[in-house]
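# Sequence and predicted structure, then a few things I'm wondering about:
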Amino acid sequence: MRQSHLFTKTRKTAPKDEVAKNAQLLIRGGFIHKEMAGVYSYLPLGLRVLENIKRIVREEMSALGAQEIIMTALQRKELWETTSRWSDEVVDVWFKSQLRAGGEVGFGWSHEEPIADMMRSHVDSFRDLPIFVHQFQTKLRNELRAKSGIMRGREFVMNDMYSFCRGEEEHARFYDQTIEAYMRVFTRVGIGEDTFVTFASGGAFTKFSHEFQTVTETGEDVIYVHREKRLAINEEVLNDETLRELGVTREELQKVNTAEVGNIFNFGTQKSEDLGLVFKDEKGVSTPVWMGSYGIGVTRLMGLLVEKFSDEKGIVWPEEVAPLSVHLVSLAGGSSEVEKEAERVYELLAEHGIEVLFDDRDVRAGEKFADSDLIGIPLRLVVSEKSMAEGGVEMTTRANGASSLVPESNLIERIKKAGVRV
Ligand code: ATP
Ligand code: MG
C-alpha cells in the first residue's frame, strides 16, 4: 500500500469534543471518522485492523464448530413482546421505527430472540442438535452516554455466537470450550494476561453470567481480582454470599478498573420455552432446547488495544492486528538513487508476502516519522542516503524504539525473525 495513494490524512489534533484516547488517536491516524457521538466510520487502515481482529475471532469460532451467518438488522416487535423485552422500560437501548406500510420494527441491539425463533425452522429431532452459529453484526444501541470512543458505540460490531444443545451436560461442555476459545482470542491480540473471566450478574438461568474483563485505567467497570487464582468478581455481585461461594475473602482481592470485552450467558431452557423452540428426544418427547449466548465486542476490543498499546507519540499495534506489518519510509529528499532503492525494497517485501505501508510521499522527514509513530505499525524500515552509504536499511521496532542497520541480503530473514505475519 502506497501512502501517496491513501486518501486519509493524519492530523495533529483530535476533534475537541472527543475525550477518549482511543478515538483521539484513531481519528488522528486516519483509522476512523467520527460521524457523531458513538458513531464512527472505518477507513482503510482502520478497516484492516478490524478485519484482522475478525479473522482471529472467526478462526476460533470455526474451531469450536460454529457456522457463520448474518442475521437482519430490522427485527419484529411481536418476537420481543413474546419474551417481554420490547418495552423501553425493560430494554433501555432500543432504537425503533415505524414502517410506512404500518407497524413497528426494532433495530437489532441483540439477536437472541430472532435466532431462537429462526431455529424453530431448522430443529425437529435430537439428531439435528447440537447447533452452534455465529455472526459479525453491527449492533444498534441507543446508549445514553457515548464518551468512550469506539469502546461504547451507538453502532458497533459484535461477534455473537449461539449454542443450541439437547441437555445440560452438552451445553456445559460447549460453554466451557467457549470460555477457552474466548481466552485464546484475547491472548492472540495481546491482552491474555490482563483479561479475567469474571463472575457477573445477568444470569438468566444461572446465578452468574461470565464476563471477560480486561484491566485498563480508563475502563468503565470495576472488578475484584485474585491474581494467583486468576479469579475475578464484578463489583455488582460482590457480597458475602458470593465470596463464600467462590472461596475467597475480600482482603485477598484487588480492586481494578476494567473494560468488558466479552460476555457469555446460559439461558437454560428459558428462552426456548418462551419462544417454542423444541425438539423430539429419543423417546419422541417434545423437549425445549438448551440455549447459550456469547458475545465479543469487536470494535470495543480495537479501542481497548489502542488504550493499552500507545504512548505519547501514537499507537503501538500488536503484530497480530496491525493494519500492515512494515512501514517502509523513503527519505529520498530529491535523490533518485534513494527513490529507486526504496522502490526495490518495497518490491522485495511484496514478493515475500509482507504487508507494507510505503511512505513514498514527498514530505519532510520529520513529518514522515511523526506519522509513522502515530500510525503505529510494528516495524519501520528507513531507506535514506545515510542508510545506503552504510550499506543497508535502518530497521526500528515501534514498541521499544530499538534500531539497527540491516544489510539488504539479511532483510527478509530479520523481518521474519521480528515475528511479522506472512
Ligand atoms: P456494557 O455492560 O458494557 O454496556 P453489555 O453487557 O450491554 O455491555 P453485551 O450485550 O453482553 O454487552 O454485549 C457483548 C459485548 O459487546 C460486550 O461484552 C462488549 O464487549 C460489547 N459491547 C456492548 N455494548 C457495546 C457498545 N455500546 N459499544 C461497543 N461494544 C459494546
Ligand atoms: Mg455485559
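Looks like it arrived, so ask away. Ligands and ions are numbered 1, 2, ... in the order given.
# C-alpha only now, for contacts and for neighbours.
Will do.
# I'd say E18 and L25 touch.
No. Taking contacts as C-alpha atoms under 8 Å, E18 lies outside contact range of L25: 10.1 Å.
# Close to ligand 1: what parts of this protein are there?
Counting by C-alpha under 6 Å from any ligand atom, the chain comes close to ligand 1 at 151-154, 156, 158, 260-263, 295-297, 299-300.
# Out of those, grab the one that's most surrounded.
Within the residues of the chain next to ligand 1, most neighbours by other C-alpha atoms under 10 Å means M151, with 27 neighbours.
# Check whether that residue really touches G303, as I assumed.
Yes. Counting by C-alpha under 8 Å, G303 is a contact partner of M151 at 5.5 Å.
# ok, E18 and L25, which is more surrounded?
Applying other C-alpha under 10 Å to E18 and L25 shows that L25 carries more neighbours, namely 26 against 17.
# How much space separates the more buried one from Q270?
Using C-alpha to C-alpha, to the nearest Å, L25 is found at 44 Å from Q270.
# ok, now W317?
Going from W317 to Q270 by C-alpha to C-alpha gives 42 Å.
# now the strands for the stretch 251-400 of the chain?
In the stretch 251-400 of the chain, the segments counted as strands under DSSP state E, counting those that start in this stretch are 254-268, 278-280, 286-288, 290-297, 310-311, 314-315, 326-331, 356-359, 379-384, 393-397.
# tell me what the first one is packed against?
Looking back up the chat, that one is strand 254-268. Using 3 or more C-alpha pairs under 8 Å, 6 or more residues apart in numbering; DSSP states H and E, the elements in contact with strand 254-268 are helix 168-188, strand 209-215, strand 221-226, strand 290-297, helix 298-308.
# and it, which residues are buried?
Within strand 254-268, the residues scored as buried using 16 or more other C-alpha atoms under 10 Å are 256-268.
# Counting neighbours, what do you get for T82?
13.
# Please enumerate the helices of the stretch 301-422 of the chain.
336-351, 365-375, 385-389, 411-417 (DSSP state H, counting those that start in this stretch).
# show me the contacts for the residue of the stretch 101-250 of the chain found nearest ligand 1.
For the stretch 101-250 of the chain, the residue positioned closest to ligand 1 under C-alpha to the nearest ligand atom is R152, at a distance of 3.4 Å. Going by C-alpha atoms under 8 Å, 6 or more residues apart in numbering, R152 touches 38, 143, 146, 300.
# follow-up on the earlier one: can you say which of the helices of the stretch 301-422 of the chain is packed in most?
Highest mean neighbour count among the helices of the stretch 301-422 of the chain (mean count of other C-alpha atoms under 10 Å): helix 365-375, with a mean of 18.
# which stretches of this structure have low pLDDT?
Across the chain, the ranges flagged by pLDDT under 70 are 203-204.
# domains of it?
With domains defined by automatic domain parsing, the chain comprises 3-308, 326-417.
# roughly how far apart are the residue lying closest to E68 once chain neighbours are set aside and G292?
The shortest distance from E68 to any non-neighbouring residue, by C-alpha to C-alpha, 6 or more residues apart in numbering, is to H134 (5.0 Å). To G292, H134 is 12 Å away according to C-alpha to C-alpha.
# list residues touching both of those two?
Y162.
# and the residue nearest to E68, what does it touch?
Neighbouring residues of H134 by C-alpha under 8 Å, 6+ apart: 61, 66-69, 159-162.
# quick one, phi psi at it?
Main-chain dihedrals, H134, degrees, to the nearest 10: phi -150, psi 160.
# Bridge partners for it, pull those for me.
Using DSSP bridges, the bridge partners assigned to H134 are E68, M161.
# middle-most residue in this structure, spatially?
Geometric centre of the chain, nearest residue: V298, 2.6 Å, by C-alpha atoms, centre = their mean.
# That residue against E155, yeah?
No. The pair V298 / E155 is not scored as a contact, 11.7 Å apart, by C-alpha under 8 Å.
# Where do the helices of the stretch 51-200 of the chain begin and end?
Going by DSSP H, counting those that start in this stretch, the stretch 51-200 of the chain shows helices at 77-82, 112-119, 168-188.
# Any chance of CSV for these, columns distance to D359?
Shown next, in CSV, are the helices of the stretch 51-200 of the chain (distance: least, C-alpha to C-alpha, whole Å):
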stretch, distance to D359
helix 77-82, 51
helix 112-119, 46
helix 168-188, 28
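# Looking at the ones you listed, which is nearest to K12?
With C-alpha to C-alpha, the closest approach to K12 among the helices of the stretch 51-200 of the chain belongs to helix 168-188: 31.0 Å.
# Okay, buried residues for the closest one please.
Buried, per 16+ other C-alpha under 10 Å, within helix 168-188: 171-172, 174-175, 178-179, 181-186, 188.
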